[in-house]
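J.: Structure for this input, please:
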Amino acid sequence: MPLSLDSLAYEIQYGGPHVHLAVFIICQIIGIILILDAHGISISPLLTALGVGGLASALALQDTLSNLFSGITTLISKQIRIGDYIKLSTGASGRVTDMNWRNTTLRTSTGNMIIVPNKSIAASTLMNYEQPLAECTITIPLTITYGSNLEQVESVTLETARHILANSQYGVTGFEPAMRYKELGEYGIAFDVVLRIKNVVDEGILKHQFIKAIYQAYQEAEIKLLERTP
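T.: Predicted coordinates for the structure are as follows:
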C-alpha cells in the first residue's frame, strides 16, 4: 500500500517504520564506508561519484522535492487540513479536497477543481476560513431615504435579523445581530447590518434570505429604501 502524504508527515513527526528503515539504511551505508576505509580501500572516488550523482539528482528533482517537503511541512504545522476552505493571495479560493506529495486540490463554490503545487501553498499568503473557527461575521450594507424614523428602522432591522439567524440553517443561533449607522449621504442614510454565518460558503444564501425578509419588513413598516445610486 503506498504511503500517503499525511502518513509520511506523521511518521516524520513522531517516528515510524519507514523512518526507522531510512535511518537503518543510512547507518548501513556509513558502516560499509568505514569498513572499506579501515581496510585501506580508497573511498575518495566513491564519495566523489556519490557527490556528483547526488547533486545531479537534487537538481533534477528540485521541484518534486520542494513540493514534497512543502506538503509535509504544511501537514505537520496543521495550517491547512482536508475539508478547510481557503483563499490564496492569487484570489483563488475553494475547499481542500486532497493533499498529496505533489499538489493540493481545491474545489471551488462552482464545483471546479483548482490544482495548486505544494510549494506555492507554502510560499503563499492565504486565509483559512475554518481556523480557528468556521463561523464568521458578514456585513450587509443598506441605505434608507431621509425622513425615515431611525429608531423604527433600527427596531425593524434587528428584529428581522434575529428572526433570520434563529430560523435559517446557515445562521449562528444565539448571535446578537448589530446595526450601525455610518453615513449621512447625499441621497440617504447608510448603515450596516452585522450577521454571523456557520461557514464562509453560506454567505451568499444567508444574504439572499435576509434581503428578501428585510425588503418585506420595510414594505410593511413603510420604510423606504434608497432607489437611486448616488
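J.: Strands of the chain, residue ranges please.
T.: 85-87, 93-99, 103-107, 113-117, 127-128, 136-145, 178-184, 188-197 (DSSP state E).
J.: Before we move on, what's the pLDDT of residue 32?
T.: In this prediction, residue 32 carries a pLDDT score of 68.
J.: could I get the strands of the chain as TSV with mean pLDDT?
T.: Shown next, in TSV, are the strands of the chain (pLDDT from 0 to 100):
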stretch	mean pLDDT
strand 85-87	86
strand 93-99	85
strand 103-107	85
strand 113-117	85
strand 127-128	83
strand 136-145	93
strand 178-184	94
strand 188-197	95
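J.: and of these, who's closest to residue 227?
T.: Closest of the strands of the chain to residue 227 is strand 136-145, at 8.0 Å (criterion: CB to CB). Bear in mind the C-beta positions are built from the backbone N, C-alpha and C, glycine included.
J.: what residues does the closest one touch?
T.: 129, 153, 157, 185, 187-197, 199-200, 203, 206-207, 210-211, 214, 223-227 (CB atoms under 8 Å, 6 or more residues apart in numbering).
J.: Return the helix or strand in the protein with minimum mean pLDDT.
T.: helix 5-14 (a mean of 50; mean pLDDT, DSSP states H and E).
J.: if we can go back for a sec, if any of the contacts of strand 136-145 are buried, give me the ChimeraX selection for them.
T.: Selection of buried members from the contacts of strand 136-145 for ChimeraX, criterion 16 or more other CB atoms under 10 Å:
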select :129,153,157,188,189,190,191,193,195,196,197,200,203,206,207,210,214,223,226
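J.: need the helices for the chain, in chain order.
T.: 5-14, 17-38, 44-60, 62-77, 118-123, 150-167, 203-221 (DSSP state H).
J.: beta partners of residue 113?
T.: residue 107 (DSSP bridges).
J.: May I have the residues that are in contact with it?
T.: Residue 113 neighbours (CB under 8 Å, 6+ apart): 97, 105, 106, 107.
J.: Can you verify my assumption that the third one contacts residue 93?
T.: Yes: the pair residue 106 and residue 93 qualifies as a contact (CB atoms under 8 Å) at a distance of 7.3 Å.
J.: out of the two, which sits in the more crowded spot?
T.: Using other CB atoms under 10 Å, the more surrounded residue of residue 106 and residue 93 is residue 106, with 23 against 18.
J.: Give me the below-cutoff pLDDT ranges for this structure.
T.: 1-77, 228-230 (pLDDT under 70).
J.: go again using 80 as the cut-off
T.: Scanning the chain with the threshold set as pLDDT under 80 gives 1-80, 99-102, 109, 118-125, 131-133, 228-230.
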